[in-house]
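Asks: got a structure for you, letters missing:
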């Protein structure tokens, strides 16, 4: 059972949160300034007037924020002491989650700075720089780390961190830590490549190849700070037996970033390799820019794809394309097609420029074709490698008629058909415009002939995509079972929230929650799988769900039209007992 949102409670927690954040900021700023004046090496970093101005600023913020935070926090604490249900309020969950997440992330940045300073000590000869970097970081990790620890401890004592805001906070912290770990990996791989090649070129984070100590300090600080927190967050999240509200969105966000890193860097690397294989004399310094992104991106991709596969296995799904991976595989197919189709047009235009001798219009030189051929082959190869296996899996899954009606497949097939049709129309118009202009007196020449074939060829490529996906769309519409979208109204029994979240998030169903029952209804509840079957094949256009901890009651019903006369009950008829 949860406590419903309340406007007064929301205002109290919001003002208390703002006051707390300003309080932490002011305490951190004052402490850093005061500590800097205790050491001669850092006393001269700030002038007297600037010191007075900053101290006044932080004191003013502290004077205003402290009473606001304490007063409104005392108000919400009184509400919590008067009613145990207040501990389940969504505003309280959000307050504790935001405080713990912001404090942890701020402490993470401070921890990274401390590690960087420690690892850089053998190469750092300026005491002032060491103190300037280390002391504020130590103060920040103490202040924000303490705030995060208190908020997390409070949330743990009250609900064991089992609520959606805490899930979101944990995944946000995990995402920041994973970003730190990825930056460290990029720095390390880039430094290794630079050392092997002996380029001595600037590295990602500003270090240089001849300064090995600074390079190790940079990479180690990112890897150790991010890796430690990410490992701790991962272990804790894996230990949770209850479904986590934002696990799938988190996995998809990380997959999107890692796929982008891998595809862009992999395509760029293949393009550069092809250029050099076709005779380009450029050096191999490009490896320092592309190889780190490819290594780190592919590692993240493989790891989190394995997690997504394990998610389906945990749920016991044995489909060709489980529901958790359907969106990702459809996205792979869409990205692959979006790369392969333009690449085919690039190669076609290259051939036509060569046949008609129109390449001099754009570029000159005896190797005019190298860049375009390399880019076309690289993009086409990567696009096909991504599209072919993904689409094959989707086609295998489409042997099941139910799979043809999935929203992800409908979007993929429909969008591909629509975009292909628009491209075909556009290039057909360009072809006819060029042809009519030539027939009406413009005349034909090599450039006009080349453009005519370019536009026509590109239109044919687009029409091929339209035809292929158009027939797939037609087959899907013909073979997929008709699904009526019933309006689902839900009542939630005590303990029924997990099933409600599962139906909403995993199955993507729209449920309108009418209220929360005070006690369970004594009846035989259907299991989650049986509930899904009843919702997939509704008997009417409306369904009433009563969700419990171990299943649900499903009642199809039909709304009485407004024009129909409502039957009246006798005035003396007693009302039914609750739960009857």
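Replies: Cool, the structure landed. Because the structure is a prediction, the values reported are computed rather than measured.
Asks: where's residue 184, which helix or strand?
Replies: Using DSSP states H and E, residue 184 maps to helix 164-197.
Asks: Check which element follows that helix along the chain.
Replies: Assigned by DSSP H and E, the successor of helix 164-197 is helix 212-239.
Asks: quick check: angle from the stretch of helix or strand residue 311 belongs to to helix 164-197?
Replies: Residue 311 belongs to helix 286-314 when assigned by DSSP H and E. Counting by axes from the mean of the first three to the mean of the last three CA atoms, to 10 degrees, helix 286-314 lies at 150 degrees to helix 164-197.
Asks: Helix 286-314 versus helix 212-239: what angle between them?
Replies: Going by the same axes, to 10 degrees, helix 286-314 makes 10 degrees with helix 212-239.
Asks: So what's the predicted local confidence for residue 500?
Replies: Residue 500 is assigned 84 on the pLDDT scale.
Asks: For it, give me its contacts.
Replies: Listed by CB atoms under 8 Å, 6 or more residues apart in numbering, the contact set of residue 500 reads 490, 492, 511, 513, 547. Backbone N, C-alpha and C define where each C-beta goes, glycine included.
Asks: buried residues in the helix or strand containing it?
Replies: Using DSSP H and E, residue 500 maps to helix 497-501. Neighbour-count burial for helix 497-501, counted by 16 or more other CB atoms under 10 Å, picks out 497, 499, 500.
Asks: same check, this time on stretch 329-337
Replies: Neighbour counts over stretch 329-337 (16+ other CB under 10 Å) mark 329, 330, 331, 332, 333, 334, 335, 336, 337 as buried.
Asks: so how far is residue 321 from the most centrally placed residue in the chain?
Replies: The centre of the chain sits closest to residue 253, judged by CA atoms, centre = their mean, with a distance of 2.0 Å. Separation of residue 253 from residue 321 (CB to CB, to the nearest Å): 20 Å.
Asks: One more: residue 300?
Replies: To residue 321, residue 300 is 22 Å away according to CB to CB.
Asks: Compare these two (neighbour count), which wins?
Replies: For residue 300 versus residue 321, neighbours defined as other CB atoms under 10 Å are more numerous around residue 321 (24 against 21).
Asks: Flag every buried residue along the helix or strand harbouring residue 344.
Replies: Following DSSP H and E, one finds residue 344 within helix 323-356. For helix 323-356, a neighbour-count test (16+ other CB under 10 Å) marks 323-350, 352-353, 356 as buried.
Asks: just for the stretch 101-250 of the chain, where's the confidence low?
Replies: Where the stretch 101-250 of the chain drops to pLDDT under 70, the residues are 124-126, 128-129, 198-212.
Asks: and with 50 instead?
Replies: Flagging of the stretch 101-250 of the chain using pLDDT under 50 yields the residue ranges 200-210.
Asks: of the buried residues of helix 497-501, closest to residue 426?
Replies: If you rank the buried residues of helix 497-501 by distance to residue 426 using CB to CB, residue 500 comes first, at 46.5 Å.
Asks: Which one (most neighbours) among the contacts of residue 500?
Replies: Within these, residue 547 tops the neighbour count with 25 neighbours, counted by other CB under 10 Å.
Asks: how near is the nearest residue to that residue once chain neighbours are set aside to residue 511?
Replies: Computed as CB to CB, 6 or more residues apart in numbering, the closest residue to residue 547 that is not its neighbour in sequence is residue 496, at 3.7 Å. Separation of residue 496 from residue 511 (CB to CB) stands at 11 Å.
Asks: now do residue 79
Replies: Applying CB to CB, the value for residue 79 to residue 511 is 30 Å.
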